[in-house]
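# Generate coordinates for the sequence data below:
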Amino acid sequence: MMRYTDPFSGKHVARSTRTTRRREAERIAAKWEAELREGRYHSPSKITWEDFRDRYEREVLPGLASQTERKVQGIFNSVEEILQPSKLRDVTAERLSYYQSRLRELKRAEDTIAGHLAHLQAALRWAARMGMLPRAPTLEKPRRAKGAAAMKGRPITIEEFERMLTKVPAVVGDKAEASWRHYLCGLWLSGLRLGESLDLSWDDDGKLQVDLLGEFPMLRIPAELEKVHKDRLLPIVPDFAGFLVETPVEERVGLVFNPAPKSGVGRLAKDRVMKFVATIGEVAKVKVYTHPKTGKVKYASAHDLRRSFGFRWAQRVMPPVLKELMRHESIDTTMKFYVGRNAEAMAKLLWSEFGQKTEGNTFGNSRPKRREKRRPTRDVNDSAERS
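The predicted structure is shown next:
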């Protein structure tokens with residue numbers, strides 16, 4: 001056994017060397033003494049995973065957006081399913097590396113895995129600050145594979161969007177057609193996420209709310225729906241505002257959008273709405289991504305309509321304004337996905353406004369005409385004189 005007296009508490013602390021050989025025990029004791037003197041020793045945590053999770057969900061999650069709270073709980077569930085930790089100290093860097101590999105085997109996207117690890121890292125760092133762990137484990141976050149697409153989708157064109165509108169009756173039926181055309185136009189013009197669009201209200205303070213009473217139309221977002229957990233007031237872009245005011249004043253009650261089921265009566269759940277939009281994109285044959293290895297095609301979804309909004313406004317406003325319109329938490333997201341993404345469109349704008357016309361159908365195959373070297377002409381008489 002090894003023993004020492006804590007100079008602060010005065011308590012006697014004992015620990016087994018786990019050996020019966022004196023020389024080996026003295027070597028282990030010397031190492032422990034060095035760690036204690038240099039402040040490198042931390043006693044193993046005895047906190048159970050269950051106790052940690054219960055405390056984190058009581059003390060931290062209520063301060064986050066409800067969507068983030070549900071996401072973290074889902075991540076904790078997946079950790080328990082894959083790693084089955086008994087003690088909090090069981091969640092080591094090595095085990096988290098295995099957790100990543102299992103998620104890949106389950107065909108989770110790299111961005112999804114990175115999101116899981118980011119939330120886990122935040123939780124484990126909090127545990128370390130609370131003294132539940134000596135230190136948070138170091139996480140090796142996944143790096144995007146070389147050549148991988150930054151987003152598995154793209155902004156769709158106005159022609160593709162109109163094609164989707166023509167396919168609405170084939171997917172949802174004639175009775176629900178009007179509500180779905182109204183909904184798709186709202187997604188196209190607003191840039192709202194699918195969940196946000198279904199919660200958008202004319203008069204409910206507890207939901208995303210349209211405010212048309214001021215000098216400019218605004219979108220009121222309650223704190224519980226925001227990642228930063230703060231009430232926000234954001235401007236509504238002019239074309240979406242024009243779309244909203246087409247609704248008669250007496251009908252501006254309840255939810256703004258109500259994409260109906262095929263019967264035309266009732267309200268669909270979020271996952272059903274998501275599937276219907278994706279089906280419309282598929283029937284309209286609007287391809288937004290093809291997997292480079294499997295060849296699997298992804299068709300336009302509700303999020304691609306949001307991407308289209310971001311792309312259009314990226315060409316009209318500065319990045320900080322676009323960040324607010326898209327309600328991104330970080331401007332890095334705005335810069336990564338929307339600003340400067342379509343080089344061809346920007347090149348077209350530059351050359352149409354400021355460039356000079358070039359010969360040929362493209363700049364690349366239009367080369368300057370080569371000047372032929374011409375030999376100086378000589379007078380016939382001069383030639384005769386020399387001869």
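# C-alpha only now, for contacts and for neighbours.
Fine.
# tell me, how many neighbours does the nearest residue to residue 155 once chain neighbours are set aside end up with?
Among residues not flanking residue 155 along the chain, residue 308 sits closest, at 4.1 Å (Cα to Cα, 6 or more residues apart in numbering). As a burial measure, residue 308 scores 22 neighbours (other Cα atoms under 10 Å).
# pretty sure residue 308 contacts residue 188?
Yes - using Cα atoms under 8 Å, residue 308 is in contact with residue 188, at 7.1 Å.
# Assign a three-state SS to residue 78, would you?
helix (DSSP: H, G, I helix; E, B strand; the rest coil).
# Distance check, it against residue 318.
Distance from residue 78 to residue 318, counting by Cα to Cα, to the nearest Å: 40 Å.
# any idea which helix or strand carries residue 298?
Using DSSP states H and E, residue 298 falls within strand 297-299.
# measure residue 249 to residue 237 for me?
20 Å.
# Those two - which one has more neighbours?
The neighbour comparison of residue 249 against residue 237 (other Cα under 10 Å) goes to residue 237, with 17 against 8.
# Which residue is the nearest non-sequential neighbour of that one?
Residue 237's closest residue in space is residue 190 (Cα to Cα, 6+ apart), at 7.4 Å.
# and that neighbour, what pLDDT?
At residue 190, the model reports a pLDDT of 93.
# next one: stretch 79-89 to chain centre, how far?
Its chain's C-alpha centre and that of stretch 79-89 lie 27 Å apart, by Cα atoms, centre = their mean, to the nearest Å.
# meant to ask about stretch 92-107
The mean C-alpha position of stretch 92-107 is separated from the chain mean by 21 Å, Cα atoms, centre = their mean.
# Run through who's touching that stretch.
The contact list for stretch 92-107 (Cα atoms under 8 Å, 6 or more residues apart in numbering) reads 79, 82, 83, 110, 113, 137, 138, 139, 140.
# where in the stretch 251-387 of the chain is pLDDT low?
338-350, 352-387 (pLDDT under 70).
# mind listing the helices for it?
Per DSSP state H, counting those that start in this stretch, the stretch 251-387 of the chain carries helices over the ranges 270-283, 302-314, 319-326, 331-337, 343-353, 380-386.
# Equivalent analysis for the stretch 51-200 of the chain, please.
According to DSSP H, counting those that start in this stretch, the helices that the stretch 51-200 of the chain contains are 66-82, 93-105, 110-129, 158-166, 168-172, 177-190, 194-199.
# Going by neighbour count, list what's buried in the longest one.
Burial within helix 110-129, assessed by neighbour count using 16 or more other Cα atoms under 10 Å, is assigned to 110, 113-117, 119-121, 123-127.
# ditto for the fourth one
Within helix 158-166, the residues scored as buried using 16+ other Cα under 10 Å are 160, 161, 163, 164, 165.
# what does the second one give?
Buried residues in helix 93-105, counted by 16+ other Cα under 10 Å: 95, 96, 99, 100, 103.
# average model confidence for that helix?
For helix 93-105, mean pLDDT is 91.
# Where does the prediction get shaky in the stretch 1-150 of the chain?
Ranges of the stretch 1-150 of the chain meeting pLDDT under 70: 8-9, 39-45, 141-150.
# one step back: the residue nearest to residue 237 reaches residue 310, doesn't it?
No - Residue 190 is beyond contact range of residue 310, at 9.5 Å (criterion: Cα under 8 Å).
# so what's the backbone phi/psi at residue 315?
As for residue 315, its main-chain torsions (degrees, to the nearest 10) stand at phi -90, psi 0.
# count of residues packed around it?
17.
# just residue 187 next, same as before
23.
# any idea how far the residue nearest to residue 237 is from residue 258?
15 Å.
# Would you mind telling me which of those two has more residues around it?
Legend: neighbour count by other Cα under 10 Å for residue 190 and residue 258, higher for residue 190 (24 against 21).
# What is the end-to-end distance of stretch 293-309?
29 Å.
# Go through that stretch and flag the buried ones.
Result for stretch 293-309 [16+ other Cα under 10 Å]: buried residues 298, 299, 300, 301, 302, 303, 304, 305, 306, 307, 308, 309.
# domain assignment for the chain?
Using automatic domain parsing, the domain ranges for the chain come out as 2-38, 49-129, 153-199+257-314, 201-256.
# Would you mind finding the most buried of those?
domain 153-199+257-314 (a mean of 18; mean count of other Cα atoms under 10 Å).
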